[in-house]
Each structure stands twice: as C-alpha cells, then as structure tokens.
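A.B. asks: Generate a structure from the sequence data that follows.
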Amino acid sequence: MRKKIGKYIAAIVLCVFIGYNSVYFKSLSKYKEESAGKTFDAVAYAKTYLNKELLPSIGKYPNVDTLLMQLISNPKEAFKAHSHALSIGNIRFFMVKGTGEITSVKDHEVILKTSDNKNLRIATEFVFGNALRDASGEIKVEDFTNSMDLNNVSAEVNKLVRKEVLPSFKGKVKVGDKVAFAGAFEINQEYINLKDIEIIPVKLTIQ
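C.D. replies: As a prediction, this is how the structure comes out:
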C-alpha cells in the first residue's frame with residue numbers, strides 16, 4: 001500500500017515538474033518571437049540619453065566644491081543623496097557641475113582649479129568606463145535584456161563625448177581660461193580619495 005502511495009506521489013511531482021517547465025519554455029519561446037527582428041540600437045539610445053537626459057539635467061547636478069566638502073564632512077549622506085551605480089560594490093558614480101581656471105593643458109587631460117582651490121583632472125582623450133552611463137541614475141539594469149546592450153550604451157555615450165564635446169574644446173583651451181564644466185566621476189566609498197579626481201565631461205564651455 002505504501003509503495004502504491006509513494007508511486008502516486010512521485011507521479012504527481014513528475015507531472016508538476018513537467019508542467020512547470022512546459023510553461024517556462026512556452027514563455028521563453030513567446031519572448032523570442034516577440035523579440036525576433038528587433039535589434040537594440042545602442043547609438044540611438046546613447047544619443048537620446050545624452051541629449052534628453054544628461055545635458056538637460058545639468059542644472060540639477062550638485063556643485064563639485066559643495067559635494068567634495070560633503071564627502072569630507074558627511075560621506076555617508078553624500079553617497080546616499082548623490083551617487084549611483086548599477087552593480088553592487090564600493091565603486092559609486094557622481095554627476096557634478098562647476099567652474100574653474102585651467103592651470104595645465106596636457107595631451108590627454110586638462111587640470112582645473114575650482115573656486116575652492118580644488119584641483120581636478122578633466123579627461124580630454126581617454127574617455128572610457130561607465131561613469132556617464134551610471135552616474136545619473138536614469139538607466140536601470142532591468143531595462144535591458146542582456147549585458148552586451150548595457151555595455152554598448154557606455155561605449156556609445158563615451159564615443160559621442162569624444163566626437164562632439166571634446167574636439168572644439170581641445171582646439172581652443174589654454175592655461176588661464178575660465179571653464180564651466182559638467183560631468184561624472186567615480187569614488188570608492190570604502191577608500192575615499194579626493195586628491196585625484198578625474199571628471200569625464202559631458203559639457204565643457206570656455207567662458
């Protein structure tokens with residue numbers, strides 16, 4: 001009797017297992033059918049993100065001097081209020097704006113001294129990484145079906161900056177110029193180092 005009951009229970013479990021997986025594969029198949037013929041356009045997405053999200057929001061970004069002071073006096077609150085990241089870990093990203101005077105012009109960067117006498121490096125050649133993608137908090141992992149599309153957004157946004165933001169600036173900037181800037185930088189919240197901050201710019205204006 002017990003053997004019959006055991007076989008009956010096993011049969012029920014097997015049916016439930018098969019039924020569950022049938023539903024799963026059906027959903028996956030439906031998803032593939034709906035996605036068939038559709039290719040993610042990272043270039044178009046990056047242009048929209050840059051022109052409709054990052055640039056129009058510059059006025060909302062914290063002033064870099066104010067943020068740096070907050071990172072010294074109350075780092076926990078600064079990270080909570082202003083930083084973003086798409087992955088779990090200590091690396092966090094900030095969007096900032098500010099003004100300052102150019103003190104050095106190099107092949108790959110300029111050095112800018114802010115009104116609070118903070119020295120910042122602004123990248124003008126090697127614009128890579130996820131800072132501009134992640135710092136705004138507008139892009140979510142769940143908006144993408146795979147990590148490749150997400151990574152391509154970073155690559156295309158960085159490419160737009162190298163192509164559209166930097167050339168005119170690099171061709172004119174010189175030591176002594178007053179510059180308004182907006183951009184992103186990263187900080188390790190476990191080991192905060194404010195002595196060597198590199199800004200990945202989204203906008204640079206010689207005043």
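A.B. asks: Nearest residue to the middle of this structure?
C.D. replies: Nearest to the geometric centre of the chain sits Asp134, at 1.7 Å (Cα atoms, centre = their mean).
A.B. asks: buried stuff in the longest strand anywhere in the chain?
C.D. replies: Secondary structure of the chain per DSSP state E: the longest strand is strand 91-105. For strand 91-105, the neighbour count (16 or more other Cβ atoms under 10 Å) marks Ile91, Arg92, Phe93, Phe94, Met95, Val96, Lys97, Gly98, Thr99, Gly100, Ile102 as buried. Using the backbone N, CA and C atoms, a C-beta is placed for each residue, glycine as well.
A.B. asks: and the second one, bridged to which residues?
C.D. replies: Partner residues in beta bridges with Arg92: Ile187, with DSSP bridges as the criterion.
A.B. asks: can I assume it is in contact with Ala184?
C.D. replies: No: applying Cβ atoms under 8 Å as the test, Arg92 and Ala184 come out as separate, 10.7 Å apart.
A.B. asks: ok, now which ones touch the closest residue in space to Phe79 that isn't next to it in sequence?
C.D. replies: Leaving aside its chain neighbours, Phe79 sits nearest to Gln189 (5.3 Å; criterion: Cβ to Cβ, 6 or more residues apart in numbering). By Cβ atoms under 8 Å, 6 or more residues apart in numbering, Gln189 lies in contact with Pro75, Phe79, Ser83, Asn90, Ile91, Arg92.
A.B. asks: need the strands for the chain, in chain order.
C.D. replies: Using DSSP E, strands in the chain cover 83-84, 91-105, 109-114, 119-123, 178-188, 198-206.
A.B. asks: Could you spell out the sheet neighbours of the first one, each with its direction?
C.D. replies: Same thing as strand 83-84. Checking strand 83-84 against DSSP bridges gives partners strand 91-105 (antiparallel).
A.B. asks: and the direction of the partner strand versus that of strand 109-114, what angle?
C.D. replies: 90 degrees (axes from the mean of the first three to the mean of the last three Cα atoms, to 10 degrees).
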